[in-house]
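Chemist: With the sequence up front, the predicted model follows.
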Amino acid sequence: MAIRTVAVIGAGTMGAGIAQVCAQAGWVTRLYDSFPESLERGMNSIEGFWDKGISLGKTTNEQKEKWMGGLSVAESILAATEGADLVIEAVPEKMSLKQAIFTELESTAPPHSVLATNTSGLEISKIAMATNCPERVIGMHFFNPVPVMPLLEIVRHDGVSPETIEIARAVGEAMGKTTILVGDVPGFATSRLGVVLGNEAIRMLSEGVASATDIDTAMRLGYRHPMGPLELSDMVGLDVRMDILNSLADAFDDESYRPHPLLEELVKNGFLGKKTGRGIYDWSSGEKREVQD
């Protein structure tokens with residue numbers, strides 16, 4: 001099946017990034033969010049990314065105009081999904097919310113459309129079973145920032161059809177992504193490893209083993225990670241990381257996955273990472289800095 005029209009549900013950091021790469025792939029792309037202010041921020045983020053690319057000589061005004069011409073906002077899920085070949089959900093990591101959205105998508109999206117969730121750790125089968133068409137539901141886990149990160153983790157569940165898997169693979173390739181196919185286990189492959197490493201790094205920070213910068217430098221230079229686990233946690237969002245850890249602890253009945261108290265305290269205080277200007281690091285100036293208490 002050829003992809004011509006895509007709907008992205010959720011205009012946060014991930015949703016906006018997904019909509020951007022869909023538009024860049026040449027597809028008619030509609031972005032929807034139930035909060036108008038989020039939709040406005042998402043569109044501004046996309047345009048700002050393209051403007052920065054123009055200033056750096058990586059893209060042209062002509063490319064931006066072409067991409068903007070294929071990208072629009074929708075006032076409802078119904079308007080977003082009309083005629084869509086692919087729908088990608090990118091709302092917060094709450095199972096009940098995702099299930100409710102997929103129940104609605106089943107009735108608003110065309111019968112041929114693939115319904116994908118960008119969850120980074122929730123079980124795809126539980127989302128799929130909220131519909132009567134589990135064969136059309138698949139996990140497509142993107143990474144932040146979506147336009148830059150080359151990986152797309154495709155998550156299959158027992159009820160998904162081979163055709164849906166192949167369409168998801170083809171979509172990733174059209175976006176310029178490298179795809180991997182993983183089973184529907186909590187945390188999949190990437191999130192399960194990533195959150196455990198990040199949680200242990202937070203524990204080390206709390207215990208005074210080293211500064212945040214030195215812990216991150218150790219992993220970048222000692223293990224050739226492109227980004228340290230603490231900086232990455234701030235980029236992903238500490239609230240997102242905490243939700244995944246709690247989901248893993250519940251799913252595996254293993255308290256060792258629970259978020260460290262420092263992570264819980266940061267989230268409780270609204271220090272969620274780069275998106276709020278403060279997390280493990282201070283991002284308020286636009287640059288990463290050690291927190292000075």
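Modeler: Perfect, I can see it now. Numbering: from 1, shown residues only.
Chemist: Give me the buried stretch members for stretch 104-121, please.
Modeler: 104-106, 108-109, 113-121 (16 or more other CB atoms under 10 Å). Any C-beta I mention is one placed from the backbone N, CA and C, and that applies to glycine too.
Chemist: er, stretch 57-67 I mean
Modeler: Result for stretch 57-67 [16+ other CB under 10 Å]: buried residues 59, 64, 67.
Chemist: could you dump stretch 168-178 to PDB, C-alpha only?
Modeler: Taking Å, rounded to 0.1, in the frame of the first residue of the first chain, the C-alpha atoms of stretch 168-178 are listed here in PDB:
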ATOM      1  CA  ALA A 168       5.700   0.100   8.900                       C
ATOM      2  CA  ARG A 169       9.200  -1.000   7.600                       C
ATOM      3  CA  ALA A 170       8.600   0.800   4.300                       C
ATOM      4  CA  VAL A 171       7.400   3.900   6.100                       C
ATOM      5  CA  GLY A 172      10.600   4.000   8.100                       C
ATOM      6  CA  GLU A 173      12.800   3.500   5.100                       C
ATOM      7  CA  ALA A 174      10.900   6.300   3.300                       C
ATOM      8  CA  MET A 175      11.700   8.600   6.300                       C
ATOM      9  CA  GLY A 176      15.400   7.600   6.000                       C
ATOM     10  CA  LYS A 177      15.300   5.600   9.200                       C
ATOM     11  CA  THR A 178      17.000   2.300  10.000                       C
END
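Chemist: Could you list the buried residues of that stretch?
Modeler: Buried residues in stretch 168-178, defined by neighbour count with 16+ other CB under 10 Å: 168-169, 171-172, 175, 177.
Chemist: Which helix or strand lies directly C-terminal to the host helix or strand of residue 66?
Modeler: Using DSSP states H and E, the element containing residue 66 is helix 61-69. Counting by DSSP H and E, the next helix or strand C-terminal to helix 61-69 is strand 71-73.
Chemist: packing partners for that next one?
Modeler: With contacts taken as 3 or more CB pairs under 8 Å, 6 or more residues apart in numbering; DSSP states H and E, strand 71-73 sits against helix 13-24, strand 28-32, helix 36-55.
Chemist: Out of those, the one nearest residue 126 is which?
Modeler: Comparison of the helices and strands packed on strand 71-73 against residue 126 by CB to CB identifies helix 13-24 as nearest, at 19.8 Å.
Chemist: ok, back up a step: between which two of the buried residues of stretch 104-121 is the distance greatest?
Modeler: Greatest spatial distance in the buried residues of stretch 104-121: 108 and 121, 25.9 Å, computed using CB to CB.
Chemist: I'd guessed residue 81 sits against residue 87; true?
Modeler: Yes: the pair residue 81 / residue 87 is scored as a contact, 5.6 Å apart, by CB atoms under 8 Å.
Chemist: which one of the buried residues of stretch 104-121 is nearest residue 44?
Modeler: Set against residue 44, the nearest of the buried residues of stretch 104-121 by CB to CB is residue 118 (20.4 Å).
Chemist: so how far is residue 223 from that closest one?
Modeler: Distance, residue 118 to residue 223, by CB to CB, to the nearest Å: 27 Å.
Chemist: How about residue 42?
Modeler: Taking CB to CB, one finds residue 42 at 34 Å from residue 223.
Chemist: can you check residue 107 too?
Modeler: Applying CB to CB, the value for residue 107 to residue 223 is 47 Å.
Chemist: same question, residue 24
Modeler: For residue 24, the distance to residue 223 - CB to CB - is 32 Å.
Chemist: Neighbour count: those two, which is higher?
Modeler: residue 24 (21 against 9; other CB atoms under 10 Å).
Chemist: quick one: the more buried one and residue 147 touch, right?
Modeler: Yes: Residue 24 is within contact range of residue 147, at 7.4 Å (criterion: CB under 8 Å).
Chemist: Many thanks, we can stop here.
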